[in-house]
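**Student:** sequence unknown, structure follows:
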């Protein structure tokens, strides 16, 4: 009986969260913060976003490295994958996550 009540409470909370998520634009569902904001705040998340991070359990930190550097890394990984075809990846038909 205790387990059923706990499960019912969980389902109710999930329904509330789903309703809240459905009201928000996609780009607002997962909190995001520019890396510069972390630097300017002594390495801590700004208060305004910290509660969202705790609630969602995830955060996107943007602009950590220059775009050109990131693109260079991506090209090097793609070249490695081309030169080492024995690697595996997911999904199999169009790998986005490579096991190198």
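**Tutor:** Done, it's in. Please read these numbers as outputs of a predicted model, since none were measured by experiment.
**Student:** can I take it that residue 52 is in a helix?
**Tutor:** Yes. Under DSSP: H, G, I helix; E, B strand; the rest coil, residue 52 sits within a helix.
**Student:** need the contact list for it.
**Tutor:** residue 31 (C-beta atoms under 8 Å, 6 or more residues apart in numbering). Where you see a C-beta, it was placed from the backbone N, CA and C, and this is true even at glycine.
**Student:** do you know how far it is from residue 24?
**Tutor:** Distance of residue 52 to residue 24, computed by C-beta to C-beta, to the nearest Å: 11 Å.
**Student:** how about residue 2?
**Tutor:** Residue 2 sits 34 Å away from residue 24, going by C-beta to C-beta.
**Student:** neighbour count winner among those two?
**Tutor:** residue 24 (9 against 6; other C-beta atoms under 10 Å).
**Student:** let me know the pLDDT of that one.
**Tutor:** Here, the pLDDT recorded for residue 24 equals 89.
**Student:** where do the helices sit along this protein?
**Tutor:** For the chain, the helices defined by DSSP state H cover 2-23, 35-40, 47-56, 67-83.
**Student:** any idea how far the shortest one is from the chain center?
**Tutor:** Translated: helix 35-40. Between the centre of helix 35-40 and the centre of its chain there are 18 Å (C-alpha atoms, centre = their mean, to the nearest Å).
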